[in-house]
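**Q** Sequence and predicted structure are below.
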Amino acid sequence: MSSKSRNSDSSSSFITVAGPSVPITAKQPPSEKGLPQSPRDGANPDTPPALQTPRRTTPAEDLERVPDRVSENLVTESPNDDSQEPVTPPPASASRRNEFASDEKIRGAPESEPLNFPEELNTLKNELIAIDIQQTTRLVTVENRLNRLRKLIPSDSLQLTEALTALTASLQPKLSKNIQYQLEMEDATKHLVCKLEALVNAELMDSQIPIVLEDWRTIQNNLSNSSGDVRARIKEMASPFKEKIHDIREQALALAAEKKKSLIQQMEMLHQADLKIRDRAQSISKLHQQWKVLGRSSLNDELWQQFKTASDQAYKPCKAHFKARKQEMAANFQTRKTLCESLEKTIASFTESPPDIAGLNRLLREADSEWKKSAPVEQSRIKSLQKRYYGLLETLRKFRKKLNRDSAAKKASLISQAQELIGLEDKHEAKAQAKVLQQEWKIAGPAPYKEDKQLWEQFREICDKIFAKPKSSKTRKTAGKNLAEQKVQKILDALQILNALSDEELRKAQGDFNATVRSFTGALEHQKKKQRSQLIDQFNHLKRSLDSRFRALPDKKTQLLMDRIGAHTQLLEEVEGQLLTGVRDFSQVKAKFDTEAWQKLEPTDNAELDSLLQSRASDVMNKNDPLEYQKCAAAAESRLRELCILLEIRAGTDTPESDQAERMSLQLAQLQSGFGRNKPSPSENIQFAQHSRLLSLCLGPIEPRALASLQERLNENCLRLLCR
């Protein structure tokens, strides 16, 4: 490539903004006319330099240059914008304008206004540093500007001449490497042309059209990034395909139009379809995505108006639903806010009227139930309120812990006072004071369960010694009655203590409860009939209350499984709730999932449960589309709904009207598969209820509103089966 050929294009050359290297494979972005491409890539490589990046040419080539036909560009459109982006050259950047101005200054400045040669040389030096060997146009531009400066710099300016010579020497290695790069690019273009020729000459299938157009775009990019003889050879290879590519492009536009007509028909059918709101919205969104992928087509604006009209009609039912949902979420937020305010007032009132432990336990249970019922809430507003709520719960738990400690200290003090009464000579006074201590014991409140049990045994033993009398034939019977009364009262007191425990403490006290119940029958032997009836009523009332609480508690093995499941679901729910709301930063939310912590969690050792949990984690990690993730949520909700219906069938309870059809289908399937078999036994029902409860904890993701409703149905029917 001669210096002369490069200098011949100096009239239109200027330094461009530094950019990425231009690829030479089939994955290049579009740059030639007549192709489905963005407007900024629609420049014709043969158009005048004012409309494209300057390139290296020869004078003869400049004379032969003829503007090619500029065809319509295909612009990717969005369902929310039916306007076409105007096909205009991109505006020059600030740096390009400055460099162009610098060129004009070098070329056309009057002799009375001398150029700032050091500044020009410094500009070219910085440009040369930034240029990559694959940027042919920029290299040619720098070379041309150096040649122009060589003519303008005075011959007696030795320092400027040396600087110019140094820059020219630095440029030569890059020019040599660029020539080698262009030759490699020419070889790659030959392969693409052979491939393109085979595809174009054969009977082209619709699926091959994008491949042909992509190869053609790559060839045009290589043409734009070449110069001199290489450019001429590439242009000669590409020229025979122009008309055929134009026909293929028209074919692609027509094919896209047919597909869009099909989408319009689907959208019109969707308007008449009887679908749930969620399914309708998902279907509309899916059709819009398909429309967007098709890009531009024949009759583009007309088809878009038809599609948009059909879309608006199909979406009308969703509008009211989402408005109501938004209002519901706002109401739930207000409910939770009111709950927090109520808890704050309750905590503030503790300074005037300290609470009792039973009241605190009841308050915590009611607050938890109210919080769960008032879901869902808009995620963008829930974080601060959630932090406020959990802070209030922690304050209540601290109050409860302090009351437990105070109660234990109070009872220890009563034991010490009772111990001192044993040595009093005045037995009547000792007994009177012991009765006062017993009354104080009753109002002291419960301590932690194990500690409370030990303190009670110590106190009862001391009181027995205080009230002990010398045995005689007359008093033995009375002493036996008193001892029996004390024993019965002790059992009733123990049951009351058990009933005041939290669920976790109650689970640990299962053995003590069973022993207390067994001891009650023997303690009634010395009681009168009327008194026995009263004591039995008290006992039965306490026992029924405790029995119902025990039935709702899982056994140790099940509790272990639930704890392990809870550790897994806690990690999952941190991101699932945000993913289900359809956040825009879907990938960023997914990245919050702690995969390292997940891998460290202990498995449940139950293949079915582990499979469900791992499936949820895989959905979080692998689903890249909110619509696909919504499908996973719908499948999990359907599975949980089926569990609820199966439990309702076994428990003999009613199923909501919306699920009646599915219930009939399941009952029919059971009749067909279980013909001639007996009904499930109570033990089988219990086993099924326990297993269903574990499965329900593993299923997800499920929207909070649907989850709360289905979990309420499931828990109610599980309890019915467990209590039979």
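**A** Perfect, I can see it now. Numbers count the residues shown, from 1 in each chain.
**Q** hmm, which helix or strand of this protein has the shakiest average pLDDT?
**A** None of the helices or strands of the chain scores lower by mean pLDDT, DSSP states H and E than helix 59-64, at a mean of 33.
**Q** where does this protein dip in pLDDT?
**A** Applying pLDDT under 70 to the chain flags residues 1-114, 203-205, 469-484, 503, 521-532, 552, 582-584, 674-677, 724.
**Q** which strands and helices sit next to the longest helix that it contains?
**A** Ranked by residue count, the top helix of the chain under DSSP state H comes out as helix 300-349. Here helix 300-349 touches helix 242-272, helix 277-294, helix 357-373, helix 379-421, going by 3 or more Cβ pairs under 8 Å, 6 or more residues apart in numbering; DSSP states H and E. Where you see a C-beta, it was placed from the backbone N, CA and C, and this is true even at glycine.
**Q** quick one: buried residues of stretch 559-577?
**A** Across stretch 559-577, burial judged by 16 or more other Cβ atoms under 10 Å covers 561, 562, 564, 565, 567, 568, 569, 571, 572, 575, 576, 577.
**Q** Kindly report the same for stretch 141-160.
**A** Residues of stretch 141-160 classed as buried by neighbour count (16+ other Cβ under 10 Å): 141, 142, 143, 144, 145, 146, 147, 148, 149, 153, 160.
**Q** Name the secondary structure element that contains the fourth one.
**A** By that I understand residue 144. helix 136-152 (DSSP states H and E).
**Q** from the chain's centre, how far out does stretch 688-698 sit?
**A** Remark: stretch 688-698 is offset 25 Å from the chain centroid, using Cα atoms, centre = their mean, to the nearest Å.
**Q** buried stuff in that stretch?
**A** So stretch 688-698, judged by 16+ other Cβ under 10 Å, has buried residues 688, 689, 690, 692, 693, 694, 695, 696, 697, 698.
**Q** nearest to residue 514, of those?
**A** Ranked by distance to residue 514 (Cβ to Cβ), the buried residues of stretch 688-698 are led by residue 690 at 20.2 Å.
**Q** Check which helix or strand the closest residue in space to that closest one that isn't next to it in sequence maps to.
**A** Nearest residue to residue 690, sequence neighbours excluded (Cβ to Cβ, 6 or more residues apart in numbering): residue 558, at 5.9 Å. Using DSSP H and E, residue 558 maps to helix 556-580.
**Q** tell me the angle that helix makes with helix 379-421.
**A** 150 degrees (axes from the mean of the first three to the mean of the last three Cα atoms, to 10 degrees).
**Q** elements contacting helix 556-580?
**A** Other helices and strands packing on helix 556-580, by 3+ Cβ pairs under 8 Å, 6+ apart, are helix 586-591, helix 595-600, helix 607-622, helix 626-651, helix 682-698.
**Q** how about the most centrally placed residue in the chain, what does it touch?
**A** Note on the chain: the residue nearest the mean C-alpha position is residue 579, at 2.8 Å, using Cα atoms, centre = their mean. Contact analysis of residue 579 by Cβ atoms under 8 Å, 6 or more residues apart in numbering lists 586, 589, 590, 620, 626, 629, 701.
**Q** Output those in a markdown table, with distance to residue 137 and neighbour count appended to each entry.
**A** Listed next are the contacts of residue 579 as a markdown table, based on distance: Cβ to Cβ, whole Å; neighbours: other Cβ atoms under 10 Å:
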| residue | distance to residue 137 | neighbour count |
| --- | --- | --- |
| 586 | 39 | 16 |
| 589 | 43 | 19 |
| 590 | 41 | 17 |
| 620 | 47 | 23 |
| 626 | 42 | 17 |
| 629 | 46 | 21 |
| 701 | 52 | 24 |
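**Q** Quickly name whichever of these is closest to residue 320.
**A** residue 626 (22.3 Å).
**Q** gap between the closest one and residue 464?
**A** Distance, residue 626 to residue 464, using Cβ to Cβ, to the nearest Å: 71 Å.
**Q** can you check residue 572 too?
**A** Distance from residue 572 to residue 464, by Cβ to Cβ: 56 Å.
**Q** now swap in residue 426 and tell me
**A** Counting by Cβ to Cβ, the gap from residue 426 to residue 464 is 19 Å.
**Q** Could you look up the SS state of residue 375?
**A** Look at residue 375: counting by DSSP: H, G, I helix; E, B strand; the rest coil, its state is coil.
**Q** With residue 209 as the reference, measure out to the residue nearest to it when sequence neighbours are not counted.
**A** Distances taken as Cβ to Cβ, 6+ apart place residue 704 nearest to residue 375, at 3.9 Å, with adjacent residues excluded. Noted for residue 704: a distance of 46 Å to residue 209, by Cβ to Cβ.
**Q** ditto for residue 507
**A** Separation of residue 507 from residue 209 (Cβ to Cβ) stands at 68 Å.
**Q** ok, now residue 227?
**A** 31 Å.
**Q** Could you pull up the residues touching residue 567?
**A** 601, 602.
**Q** Check the buried residues of stretch 559-577 against residue 249 and report the nearest one.
**A** Nearest member of those to residue 249, counting by Cβ to Cβ, is residue 575, at 44.1 Å.
**Q** if we can go back for a sec, in JSON lines, list the buried residues of stretch 688-698 along with distance to residue 218.
**A** Converted to JSON lines, the buried residues of stretch 688-698 look like this (distance: Cβ to Cβ, whole Å):
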{"residue": "688", "distance to residue 218": "63"}
{"residue": "689", "distance to residue 218": "64"}
{"residue": "690", "distance to residue 218": "63"}
{"residue": "692", "distance to residue 218": "59"}
{"residue": "693", "distance to residue 218": "60"}
{"residue": "694", "distance to residue 218": "57"}
{"residue": "695", "distance to residue 218": "54"}
{"residue": "696", "distance to residue 218": "55"}
{"residue": "697", "distance to residue 218": "54"}
{"residue": "698", "distance to residue 218": "50"}
